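S.K.: Structural data only, the sequence is not supplied:
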């Protein structure tokens, strides 16, 4: 009888321990996503300033500026991670195109406001990449724990779901955006 009680106690303690690990890992994934979201919001806040500054110098490059603005709107309204990831990658490419356009306008490149926006954008892109790597690492740990024995039993029992990676989905998205700082 004591052996049965000890076995049940060990089982309950193991279940609690595994459950707590899963909760900790899930919260780490959520916190990491929050970090990405903060950086994406910073990028989104910078885009109108950047578009306005470039527009003053490059009025006929309307298609690129419109694409950046539309992608910003789509990203803000998207909540499903794979679609948001694809939109953000496309926006990164569009911003890169905007920076390439700026290379053709010496007055724009010399504009202090534009140079500051370029610097801020470069910093934000670096933070997005760092946050993305951190998030994907947290997802990897969480997903591995969910899929490992005996954790998967507890994970299924308490409805823990595999988290999605924040990844690029096509070869075009894999190409690095070209963002040049002042020469």
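M.R.: Done, it's in. Please read these numbers as outputs of a predicted model, since none were measured by experiment.

S.K.: Relative to residue 30, how far out is the residue nearest in space to the middle of the chain?
M.R.: Nearest to the geometric centre of the chain sits residue 36, at 4.3 Å (C-alpha atoms, centre = their mean). According to C-beta to C-beta, to the nearest Å, residue 36 stands 11 Å off from residue 30. (C-beta placed from N, C-alpha, C; glycine too.)

S.K.: for residue 92, same thing?
M.R.: Computed as C-beta to C-beta, the residue 92 to residue 30 distance reads 24 Å.

S.K.: do residue 22 as well
M.R.: 13 Å.

S.K.: which residues of this protein fall in helices?
M.R.: 2-57, 62-77, 81-103, 106-110, 112-147, 151-157, 171-174 (DSSP state H).

S.K.: Check which helices and strands the longest one sits against.
M.R.: Going back to what we said before, that points to helix 2-57. With contacts taken as 3 or more C-beta pairs under 8 Å, 6 or more residues apart in numbering; DSSP states H and E, helix 2-57 sits against helix 62-77, helix 81-103, helix 106-110, helix 112-147, helix 151-157.

S.K.: Please identify which of residue 22 and residue 30 sits among more neighbours.
M.R.: Neighbours were counted for residue 22 and for residue 30 using other C-beta atoms under 10 Å; residue 22 has more, 18 against 13.

S.K.: The residue lying closest to the more buried one once chain neighbours are set aside: neighbour count?
M.R.: Of all residues not flanking residue 22 in the chain, residue 160 sits nearest, at 5.3 Å (C-beta to C-beta, 6 or more residues apart in numbering). Applying other C-beta under 10 Å, we find 20 residues neighbouring residue 160.

S.K.: Surely residue 160 is in contact with residue 18?
M.R.: No - Residue 160 is beyond contact range of residue 18, at 10.2 Å (criterion: C-beta atoms under 8 Å).

S.K.: Overlap of the contact sets of those two?
M.R.: Common contacts of residue 160 and residue 18 (C-beta atoms under 8 Å, 6 or more residues apart in numbering): residue 154.

S.K.: tell me which helix or strand of the protein sits lowest on mean pLDDT?
M.R.: Using mean pLDDT, DSSP states H and E, helix 171-174 stands out as the lowest-scoring helix or strand of the chain, at a mean of 46.

S.K.: residue ranges with poor pLDDT in this structure?
M.R.: 56-62, 108-109, 168-183 (pLDDT under 70).

S.K.: Right, I'll leave it there.
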